[in-house]
Structure formats: C-alpha cells, structure tokens
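1. Let's see this in three dimensions:
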Amino acid sequence: FLSFMLGLVSSIDLPARQASVVRMLDRPDQLNSALTINSTVFNLARLVGPAFAGFAIQAVGETMCFFLNGVAYLAVIFSLTRLEIKKVDMTLPKSGWHGFREGLEYTLGFKALKRMILTSAAFFFLCYPYATLLPFFARNVFQSDASTLGFFLGSVGLGAIIGVIYQASLVPLSKLHIRAIYSVGLFGAGLTGFSLSRSVELSCAALTVLGFGMSTGSVCFNTLIQSIIEDDKRGRVMSLYTVGSVGVGPLGSLTAGILADIFGGTFSGLIFGLGAIFLAIYMRRRLKLIESSLLMKLREKGLLDVV
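-> Below you'll find the model as predicted:
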C-alpha cells in the first residue's frame, strides 16, 4: 500500500516539479545550469543520505530511519510554499483526456522528442536495477552488513556528484546528445565491472563510474527534452518522460530481481550492464536519425550554441 501511494504521489509530483523548473528561470539559456544545480543537490543528498543510513540502521533501527525520513518532508513542504513560479499564458485543454491525447500526439509527431523519450525509458529500465542488486551483493557475495551497503551507495552518490560537476562544464546544448551516448556507455561499463568484482575497493570504484554515467545521462536527457518542447506542452510531455523513468524503471528492478533469484546476482548485473553498453552503441548508430530534427528545433528557439 505504501509503495502504491508513493507511486501515486510521484506521478503528480515529478512532472509538476520538472515542468516548474523552466518557469522559475529568467532566460531559457539558463536551463542547463538550473538542471545541473538541481541534480547536484539531489545527488549530494544521495551521497550523504545512504552512506549515513547504512550506519544509522545499525544504531537506531529501520523504524526510526523511516520516521526521520518522513519528518524531513516537512522542510520540503515549507520550501514549496515559498516558491514563486511565473504563470504561462496558455489555452487549457477541454478535458484531462483531451490534454493527454494532445500531448501524446505532439510527442509522437516530433521525431527527435519521441526517440529521446523512448531511449531515456530504455536507459532508466537498465539503470534502476543497480539499487536492487546492491543489497544482494553486499549480503550474498561479500557476506557483509549494512555498512558495506552504505559504502556502495555512497560510491554511487560520489560518482553522481563528480558527474554533475563535469556536466556543468561549458558544452553547447547541440552537443549534449553526444554526451548522453557516452554517459549510457559509462553506466554500463560501471555496472558490468561491479558485477564481476569480488573486491570491495574495486566494487566501489566501479560504482563511482556507474554513478557518474547515470547522473550525466539523466541530466542530458532531461535538459535536451526540456529545451526543445513548447511551454504549453511541457507538463504533458514531462508526464510521459516520468512514465518512462519512474514507471518503466521499477520494471527493470523487478526483472533484475527475478534474474538474480534464478541465475544469480552476477548474471543479472551483467545482463543489465551489457544491455546499457549495447544501448549506447545503438544510440551512436542511430544518431543521424534525430540529430537534424534536434538541431533544427534548437536553432528555432535560439538555443543552438547555448551552454
């Protein structure tokens, strides 16, 4: 029931939050920096939180950790009440179903947007299982406790922080799709290396690479999609993007868990790690199919050379 409620809330919260980022900016060319800062804060929490939680579970127990996590949302609610978001003049759809259909038709008719959403969905399908596999490896492969799991999660967060710092480097929006390809490949290499490693130190190094690829890849996809869509379609398109990430991702975790139970964690990790590498190769081979459409839209919006 709790998982169902969390999914229900996230289906409303995530698209609204993603679409609101642009409306808090003074200029469209600030989007890349804004999303990078947002990702930095998110991944900083991912670095500190799990690393702390691994030790906190041993000290105070899981129940108290869940309680403290729930109390922390009060600060989030207070912050949301203080935000000032600019209103956008737009014609509201006749009904919710009509608005959904209009957003879906817009996405399917926009070649570059459609391919990026489908590719990002495949990426998140392959990304999510790492979190399912980490406890399995810590417990069954390394025969360790929650502290090792905390180091593993902290390594992912560290890689993510390095990734968003790298993402802040001055790269034009017109080159982000190239960076996304390499990010997907790095994630796959990190997960493959972790699956084969039997050393805690090497596993942490591989997870750092994994976190780097995951954070830069997700920011690249998010930034590109937000850069090319129209303001009056933003919320609906980001809803589809959320379905492809939050909706499809857990299916990957379920698949990874089933494979781990049947064939073992190493096999499951290799399948998803190699899958991400092959996805990067596929993206590179199909690059020309979306590049012209993507660059044309960025040129129309005056964002072609924006960094």
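2. Quick one: the helices in the stretch 1-150 of the chain, in order.
-> Along the stretch 1-150 of the chain, the stretches classed as helices by DSSP state H, counting those that start in this stretch are 2-23, 31-60, 62-81, 96-109, 111-127, 129-136, 146-167.
3. Compare the ones you listed and give me the one nearest D231.
-> Of all the helices of the stretch 1-150 of the chain, it is helix 2-23 that lies closest to D231, at 7.3 Å by CB to CB. C-beta here means a position set from N, CA and C on the backbone, and glycine is covered the same way.
4. Checking A205 next. Helix, strand or coil?
-> Under DSSP: H, G, I helix; E, B strand; the rest coil, the three-state class of A205 is helix.
5. Do you know the pLDDT at it?
-> As predicted, A205 sits at a pLDDT of 96.
6. distance of it from Q167?
-> Using CB to CB, to the nearest Å, A205 is found at 20 Å from Q167.
7. next one: I277
-> Distance from I277 to Q167, by CB to CB: 21 Å.
8. neighbour count winner among the two?
-> Taking neighbours as other CB atoms under 10 Å, I277 and Q167 compare with Q167 leading, 25 against 18.
9. so the more buried one makes contact with G217?
-> No. At 9.8 Å, Q167 does not count as touching G217 under the criterion of CB atoms under 8 Å.
10. Just want to check the distance between F194 and I181.
-> 21 Å.
11. So for these two, which residue has more residues nearby?
-> Neighbour count, other CB under 10 Å: between F194 and I181, F194 has more, with 28 against 19.
12. what residues are up against the nearest residue to G244 once chain neighbours are set aside?
-> Distances taken as CB to CB, 6 or more residues apart in numbering put A121 closest to G244, at 3.2 Å, once the chain neighbours are dropped. If you count contacts by CB atoms under 8 Å, 6 or more residues apart in numbering, A121 has them with 243-245, 248.
13. can I get the residues you listed in CSV with neighbour count and pLDDT?
-> Shown next, in CSV, are the contacts of A121 (neighbours: other CB atoms under 10 Å; pLDDT from 0 to 100):
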residue, neighbour count, pLDDT
V243, 15, 81
G244, 21, 79
S245, 22, 78
V248, 19, 87
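14. Between those, which sits nearest S268?
-> Nearest to S268 among the contacts of A121: V248, at 17.3 Å, using CB to CB.
15. quick one, phi/psi of the closest one?
-> Here is the backbone geometry of V248 (degrees, to the nearest 10): phi -80, psi -30.
16. S197 now?
-> Note on S197: its backbone torsions stand at phi -80, psi 140 [degrees, to the nearest 10].
17. got a list of what the residue nearest to it when sequence neighbours are not counted touches?
-> Spatial nearest neighbour of S197, chain neighbours left out: S203 (4.5 Å); criterion: CB to CB, 6+ apart. With contact taken as CB under 8 Å, 6+ apart, S203 is in contact with 137, 142, 152, 155, 194, 197.
18. before we move on, which element is the fifth one in?
-> I take that to be F194. Using DSSP states H and E, F194 sits in helix 176-196.
19. List the buried residues of that helix.
-> Using 16 or more other CB atoms under 10 Å as the test for burial, helix 176-196 gives 176-177, 179-195.
20. tell me the angle it makes with helix 129-136.
-> 20 degrees (axes from the mean of the first three to the mean of the last three CA atoms, to 10 degrees).
21. can you list the weak-confidence ranges in the stretch 151-300 of the chain?
-> 169-171 (pLDDT under 70).
22. Quick check: the closest residue to F136 other than its chain neighbours vs G249, distance?
-> Nearest residue to F136 in three dimensions, chain neighbours excluded: G265, at 4.6 Å (CB to CB, 6+ apart). With distances taken as CB to CB, G265 is found 19 Å from G249.
23. and what of W97?
-> Noted for W97: a distance of 26 Å to G249, by CB to CB.
24. Of these two, which one has the most company?
-> Of the pair W97 and G249, G249 is the one with more neighbours under other CB under 10 Å, namely 19 against 9.
25. thought that one was touching A131?
-> No. Taking contacts as CB under 8 Å, G249 lies outside contact range of A131: 9.4 Å.
26. Go ahead and flag the most central residue of the protein.
-> For the chain, the residue nearest the mean C-alpha position is S218 (4.3 Å; CA atoms, centre = their mean).
27. What residues of the host helix or strand of that residue count as buried?
-> S218 belongs to helix 200-228 when assigned by DSSP H and E. Residues of helix 200-228 classed as buried: 203-228 (neighbour count, 16+ other CB under 10 Å).
28. what inclination does it have with respect to helix 96-109?
-> Orientation of helix 200-228 against helix 96-109 (the same axes, to 10 degrees) gives an angle of 100 degrees.
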